[in-house]
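Undergrad: predicted model follows, preceded by the sequence.
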Amino acid sequence: MKRRDRGFTLLELLVVIAIIGILAAVVIANLNSARAKANDARVRTDIDAIAKAIQVYSTVEELATVDAAIGTSGDPTTSFAKLQTALVPTYLAKIPTHPVADADPKYTYAAGDTNTDGVLDYVVFGALSTGSDDGKCFIMKNGSSFVGDCVAETTIK
């Protein structure tokens, strides 16, 4: 009576390892896509919160005070120090930070009464990273939101 060795052959082990590798690659690709979509959703939510806080602040305060406090003469800046002082903690619990550490641009804003009509003009924007929006920005400009070019469509006028 012949005794057959127990266990798996080398070929069987290689096939199982290959299948596990393929499944792992598919799962990782889907997780990265879901993470990027979640980051983009957070960018949209953060930009909306900052813009609403600016709108409320500019409604409550006089324009001269607002322009002096958060105005930047229309030059976009990543420095939220002025917004931090003016908006936190009354209008925002804290200034949000971009969910992607190396995003370019991070959250950026410009504000001022550029057309001297007595109403604060502002733009707040941040980089997106998924699908057809990759390389574009979510932009909130004077209360209107859209996805557009991070340079050409982010000046206030």
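TA: Received it, and whenever you're ready, just let me know what you need.

Undergrad: can we go C-alpha only for contacts and neighbour counts from here?
TA: Noted.

Undergrad: quick one: contacts of whichever strand in the chain runs longest?
TA: Scanning the chain for the strand with the most residues, using DSSP state E, yields strand 121-127. Residues from elsewhere that reach strand 121-127 (C-alpha atoms under 8 Å, 6 or more residues apart in numbering): 43, 47, 50-51, 74, 98, 103-114, 135-142, 150, 154-157.

Undergrad: quick one: whatever helix or strand comes next after that strand to strand 121-127, angle?
TA: Reading on from strand 121-127 to the C-terminus, the next helix or strand found by DSSP states H and E is strand 137-141. Going by axes from the mean of the first three to the mean of the last three C-alpha atoms, to 10 degrees, strand 137-141 is angled at 170 degrees with respect to strand 121-127.

Undergrad: strand 137-141 pairs with which strands?
TA: With DSSP bridges as the test, strand 137-141 is paired with strand 121-127 (antiparallel), strand 144-148 (antiparallel).

Undergrad: for this protein, name the helix or strand with the lowest mean pLDDT.
TA: Using mean pLDDT, DSSP states H and E, helix 63-70 stands out as the lowest-scoring helix or strand of the chain, at a mean of 74.

Undergrad: residue contacts, the residue sitting nearest the centre point of the chain?
TA: By C-alpha atoms, centre = their mean, the chain has its centre lying nearest to V43, at 2.7 Å. V43 makes contact with 98-99, 126-128, 138, according to C-alpha under 8 Å, 6+ apart.
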